[in-house]
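K.L.:
Quick check, what structure comes out for this input:
(chains A and B)
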Amino acid sequence: MKARSLAAHPTQWLQIVATTACAAALTVLLVVGMQRADELQAASVALKQASELTEQPQTIRTELTLIQRELESTAYLGDSLRTVAALRAGSDQSFQVIQNSLRSAGLGDNPDAAAALTSARSRWKSLDQELRQLDELGSNGLYVDTPSGSELSATGRRVKAAVDHALATQTRNMSAMSQALSQLGALVQANLDNSGHSLQAVLVGGSCVAILLLALMLYYAWRWRLSAMAATAAERQVTNILATVREGLFLVGRDLRIGEICSDSVRHLLRLESPAGRNFRDVLQPLVDEKTLAAAMKFLGLLWKEKVHEDLIESVNPLSQIEASFSNTRGGTEVRYLAFSFRRVRAVGASDDTVLGVVSDITDRVLLARELEQLRADSGSQATLLLQLLQVDRDQLQLFISSADAALRKSNAMLTAPGIEQQDLKNKLNGVFRELHALKGEAAALALSSLAQRIHAIEDMLQSLRARTSLSGNDFVPVVVKLDELINHMMQIQTLQQRVSTVRGSRPAPAGAPSTEVDAESDSHRITTVLGSSALLESEQEEDVAAEPKSRARDPLVEALRLLSQETAAALARVVRLHTTGLELVPPYYAAPIKAVCIQMLRNAIVHGIEPAEERRRLGKPAEGTVRISFTEDSGDTDTYRLTIEDDGHGLSYEHIIDKALRLGLINPSQAAALDRASAYRLIFLPGFSTIEEISEHAGRGVGLDAVSTLVREYGGRISVSTATGRYTRFRISLPRSASIAASSAA
Amino acid sequence: MVRTETEVSVFVDSVLHYFTTTVQQVAECGTPYLALGRTPEISDYTGMIRISGQREGVVFFTAPKSMLCVMLMRMQETDMSHDNLCDLVGEIANTLSGNARRDFGPQFKISVPSIVCGREAEVAYPANTRPIVIPIEWRTYRARLVVCLN
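P.N.:
Modelled structure (predicted):
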């Protein structure tokens, strides 16, 4: 990996080598130049000293001549002698300097220079010896006074002789000394010239290398500037892309930290002020449930594994579509659908690897897909609906449409009523729930499954609202929208019903229509269903059917109950026999509530009461369960009607009811311990109470008995329940016979 | 129709937010209902926007004069004139318009807010629709937000 990175930048290495070579060459040239300069300086010093020394003998001669004249005129010699002594000392020092300088100038080993210096020094030594004697004699006692004047003393005469001797020595040697020094000077001058040329060459070479280095520097600076401009342009482009792209782009490291650079959309899509540096898990936590969060973390962990194929695991990405709720600036909640996708970014070093996350808002796409699905379902369901309507009795359908209209109006009226306290909202919710549940029962009784399914979907919504601890009016917006859709669907049914009526009006009723299958004598019907196979309707006394008047045989309520028991039994794989008695005697003002109650209680009996055929056989019961519905005048009270619904199923379970009530929080353990059986059975009428664990289209929401109880109360009636475990459950409903009482109660 | 739910919620949130921020007192939303068989009741002052394009319809906020006067008082206004009351419902309609523009994008063409005075005023609703009425409860007063989109 490292070798690849080195090979990836050969020009960079060339630049480094060239720069280093130039710098090294320049350094060497500088060192050589400095050396040459030192030699030059030393040679200059030697030349200067040699030149001065060349003048020295003449100066000494002048001084000696002066001393000679002073002796002749018996003058004071002190100053001249000190001058001579100083010249001696200067000359010695000069010879030493010349010797050192010659060594520094590289002429230390030059034999000609050494010979010239030795020659000059030996000549000087001989003169210097003479001068030292003169210096030793000093300047005192040179004269003696005589009558004829001052005369030289013995010391004076010795001084005079020394001076004369020195002058002779000077005359003898100084020419040779001057010649030797001149020769030395010429050698030094030659060396000086050489050093000068050498230094010049070094300077030229150094200048060239410096120029080359400067050129390299300028080239690199130009290249750097180009790179910097390219980098700036690239950075600007990246910034523009990140600011413009609708998707949220971000990088996630192994520690789940979000990288510093991410697109602006991330802030908007995830509603984050500064996503950089945040832990992705923390960002995700408020958006998804715990299960999805754990799955997402596991999925991200998979991306880091070397052997995992990213394309293959993309299909298990738990964040491919999530529903996220955000608080909006208006204080409400906004639901958006987001899609996350991830791709590993493989950097040069494995430790630098990151995961590129892309988040996009797919709300429009999801909603559009749903609408398309709804449209498709609607167009499909319209054909299904038409088929369903063709099988429903016209009068029953007309009654149902009126009943549905009333139920929907009543639901809407409940919502229209003022009141926004929690209890008001709960009452409205339960009221709408009851109305729609009863309507669903009626739709199911007419086998209008598409309508029943729609209402079931609304019930799902109401169920989730019921589970909330706190409600607001805003929570009812989706309910109202669904109610509006339901009204539209009912209008569609009405339109289709009118068309069906037109068709039916021109044709006789088809042979074998459901109405002919009813045994009116006994008002009993046998519905046999085996493991969900299609139900068969068998008339127990087929020979009596033809003898019965059509009007009775086509009693809409009996027919509706027959259909309902048939559908419900088929859906739940039960075998059920339905007996009805006296329903044709129901007075008109009780037709609607009795119908609603019968439908609900019949469904309850089949769902909650009748056991599956296998279980019944095991318990020693007939495989076929029986539900009896009878409507009579109360034998003891002539002002009361009695409606009885009884099944021979497993009866109510006291323990089961108590257990469920405790789990739903309807009672606490101490209340449960004190609850007798009669009181426990009253719990089944509470809103939301159901002993079924799973909600189905037929039961499980805990609305049915609440609706029945409310309806009976509205009409001033009473309801009682009796049961025997394993044998039966019987509901007795008493209703006032007087129409005026019933009407006023219902109003 | 998830879209309709979202749209209605956006308008409801807008009005409630207006009360919270501008009037500086929280209003509550009553249970919404459908205006079945009759048109929604119009109050003294009504601020209205019309929507066309992808969806067609009308959205308006209608409130009694007494309520609007108290709202103005809460907003430190002393001028309770007819014009000022009109301005207030116009401002609420403008808020509805602004939020709809922001949240629904260019598919929604939203008209300039208009103001209707008087309870006898008639509002034209799109055909084959049922207006959704959302009561807005504030102090002891009740205004209505009506959303009618086809």
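K.L.:
From now on I want contacts and neighbour counts done on CA atoms only, so please keep to that.
P.N.:
Noted.
K.L.:
Return the residues of chain B in contact with chain A.
P.N.:
Taking CA under 8 Å from any CA of the partner chain as the criterion, the neighbours of chain A within chain B are B:1-6, B:8-9, B:12-14, B:16-18, B:28-34, B:36, B:130, B:132.
K.L.:
Can you name the residues of chain A sitting close to chain B?
P.N.:
Close to chain B, as judged by CA under 8 Å from any CA, chain A has residues A:330-332, A:334, A:367, A:371, A:409, A:412-413, A:415-416, A:418-420, A:425, A:472-474, A:476-478, A:480-482, A:484.
K.L.:
Mark which of those residues are part of strands, please.
P.N.:
When DSSP state E is applied, these are split such that A:Glu334 fall in strands.
K.L.:
And the buried ones among the residues of chain A next to chain B, selectable in ChimeraX?
P.N.:
Those of the residues of chain A next to chain B that meet the burial criterion (16 or more other CA atoms under 10 Å in any protein chain shown) are gathered into one ChimeraX selection, given here:
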select /A:330,332,334,409,412,413,415,416,419,420,425,472,473,474,476,477,478,480,481,482,484
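K.L.:
The residue of the stretch 151-300 of chain A found nearest chain B: which element?
P.N.:
Nearest residue of the stretch 151-300 of chain A to chain B: A:His268, at 13.2 Å (CA to the nearest CA). Assigning secondary structure by DSSP states H and E places A:His268 in helix A:264-270.
K.L.:
Show residues contacting that helix.
P.N.:
The contact list for helix A:264-270, computed with CA atoms under 8 Å, 6 or more residues apart in numbering or on different chains, reads A:242-250, A:272-275, A:283, A:359-361.
K.L.:
Contacts only, for A:Leu397.
P.N.:
With CA under 8 Å, 6+ apart as the criterion, the residues that contact A:Leu397 are A:389, A:446, A:497.
K.L.:
So which of these wins on neighbours?
P.N.:
The member of those that has the most neighbours, counting by other CA atoms under 10 Å in any protein chain shown, is A:Leu446 with 26 neighbours.
K.L.:
Look up how far chain B lies from A:Glu567.
P.N.:
Distance of A:Glu567 to chain B, given as CA to the nearest CA, to the nearest Å: 29 Å.
K.L.:
Give me the residue at the spatial middle of the chain.
P.N.:
All of this is about chain A. In chain A, the residue lying closest to the centroid (CA atoms, centre = their mean) is A:Phe280, at 4.7 Å.
K.L.:
You answered for a different chain; I wanted chain B.
P.N.:
For chain B, the residue nearest the mean C-alpha position is B:Phe61 (2.2 Å; CA atoms, centre = their mean).
K.L.:
On the three-state scheme, that residue is what?
P.N.:
Under DSSP: H, G, I helix; E, B strand; the rest coil, the three-state class of B:Phe61 is strand.
K.L.:
what's across from it in the sheet?
P.N.:
When assigned by DSSP bridges, B:Phe61 has beta-bridge partners B:Gly47, B:Leu145.
K.L.:
what about it, distance to chain A?
P.N.:
Distance of B:Phe61 to chain A, given as CA to the nearest CA: 16 Å.
K.L.:
thought that residue was touching B:Arg142?
P.N.:
No. Under the contact definition of CA atoms under 8 Å, B:Phe61 does not touch B:Arg142, with a separation of 11.1 Å.
K.L.:
From the contact counts, what lies against the single longest helix found in chain B?
P.N.:
In chain B, with assignment by DSSP state H, the single longest helix is helix B:82-104. Identification of packing neighbours for helix B:82-104 by 3 or more CA pairs under 8 Å, 6 or more residues apart in numbering or on different chains; DSSP states H and E yields helix B:2-18, strand B:45-53, strand B:57-63, helix B:65-74, strand B:108-110, strand B:114-117.
K.L.:
Alpha carbons only: can I get that helix in CSV?
P.N.:
Only the C-alpha atoms of helix B:82-104 are listed here, as CSV (Å, rounded to 0.1, in the frame of the first residue of the first chain):
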residue,chain,number,x,y,z
HIS,B,82,-63.7,47.6,11.6
ASP,B,83,-60.5,48.1,9.5
ASN,B,84,-58.3,46.8,12.2
LEU,B,85,-60.5,43.7,12.8
CYS,B,86,-60.4,43.0,9.0
ASP,B,87,-56.6,43.4,9.2
LEU,B,88,-56.5,40.8,11.9
VAL,B,89,-58.4,38.1,10.1
GLY,B,90,-56.4,39.0,7.0
GLU,B,91,-53.2,38.5,8.8
ILE,B,92,-54.4,35.0,10.0
ALA,B,93,-55.4,34.2,6.4
ASN,B,94,-52.0,35.4,5.3
THR,B,95,-50.4,33.1,7.8
LEU,B,96,-52.4,30.2,6.4
SER,B,97,-51.3,31.2,2.9
GLY,B,98,-47.6,31.4,3.9
ASN,B,99,-47.5,28.1,5.6
ALA,B,100,-49.4,26.4,2.8
ARG,B,101,-46.9,27.8,0.3
ARG,B,102,-44.0,26.6,2.4
ASP,B,103,-45.3,23.2,3.2
PHE,B,104,-47.1,22.2,0.0
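K.L.:
Name the residues of it that are buried.
P.N.:
Along helix B:82-104, the positions that meet the burial threshold by neighbour count (16+ other CA under 10 Å) are B:84-97, B:99-100.
K.L.:
and which of those residues is nearest chain A?
P.N.:
Minimum distance to chain A across these is 9.3 Å, recorded for B:Asn99 (CA to the nearest CA).
K.L.:
contacting residues for the closest one?
P.N.:
Counting by CA under 8 Å, 6+ apart, B:Asn99 makes contact with B:10-11, B:14.
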